[in-house]
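Colleague: quick one, structure for this:
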Amino acid sequence: MNWPTNGVGGKGNPGVAANVQKIKGTIGYVDIADAMKNRMTFVALKNKAGNYIVPSQQAIADAAFGVNFKIKGMAPDLLDQSHQNAWPITTATYILAYQQGSDASRQKGVVDFFTWSLNNGQKLAEEIGFLALPENVVKMVESEMKRIN
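Modeller: Alright, predicted model coming up:
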């Protein structure tokens, strides 16, 4: 198939969403929060279980259900998970931090910020359409953060 090469970009998710909405026949990919906020039309994709799924908060949660976050780096692959209702192109946002830094006060600041984020920031994320981490994952992240010094 010959796809047209006259693509149009947009600045971040809001820019892509705006272009998809105003240019007839366009296809774009934005995070679910921006797609829902802009009342965009969704495509149904076939997941690993063979079901056609439309993205939703629940379908994203189902993709993360049962995933082992206890792997090195706590960064499991959430793509095409086996749950029957999993949205197949789910990912998470990850944080990278040095385990051992050269400045103890900065390292403490990193831990303090992410501790605040885990305990308070998730509520803010939910308010704008993102999913909060499951409680078991929060506990694992808190445990990992104890290793940062």
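
Colleague: shouldn't residue 147 be in contact with residue 100?
Modeller: No. Judged on C-beta atoms under 8 Å, residue 147 makes no contact with residue 100 at a distance of 9.1 Å. In this view, the C-beta of every residue, glycine as well, is placed from N, C-alpha and C.

Colleague: chain neighbours aside, what residue packs nearest to residue 26?
Modeller: Distances taken as C-beta to C-beta, 6 or more residues apart in numbering place residue 20 nearest to residue 26, at 4.8 Å, with adjacent residues excluded.

Colleague: tell me how far the one you found lies from residue 89.
Modeller: 16 Å (C-beta to C-beta, to the nearest Å).

Colleague: residue 57 now?
Modeller: On the measure of C-beta to C-beta, residue 57 and residue 89 end up 15 Å apart.

Colleague: and for residue 119?
Modeller: Counting by C-beta to C-beta, the gap from residue 119 to residue 89 is 29 Å.

Colleague: and the two? Which one has more around it.
Modeller: A direct count of neighbours by other C-beta atoms under 10 Å for residue 119 and residue 89 places residue 89 higher, at 15 against 11.

Colleague: show me this protein divided up by domain.
Modeller: 42-92, 95-149 (automatic domain parsing).

Colleague: hey, which of these is tucked in deepest?
Modeller: domain 42-92 (a mean of 15; mean count of other C-beta atoms under 10 Å).

Colleague: now do the same end-to-end measure for that domain.
Modeller: With C-alpha to C-alpha, to the nearest Å applied, domain 42-92 spans 20 Å between its terminal residues.

Colleague: distance of the closest residue to residue 37 other than its chain neighbours from residue 32?
Modeller: Distance criterion C-beta to C-beta, 6+ apart; nearest residue to residue 37, sequence neighbours excluded, is residue 129 at 6.2 Å. Residue 129 sits 6 Å away from residue 32, taking C-beta to C-beta as the criterion.

Colleague: okay, and the common contacts of those two?
Modeller: Common neighbours of residue 129 and residue 32 (criterion: C-beta atoms under 8 Å, 6 or more residues apart in numbering): residue 57.

Colleague: center of the protein - which residue?
Modeller: residue 92 (3.3 Å; C-alpha atoms, centre = their mean).

Colleague: how about residue 63, what does it touch?
Modeller: Residue 63 touches 78, 81, 83, 86, 87, 88, 90, counting by C-beta under 8 Å, 6+ apart.
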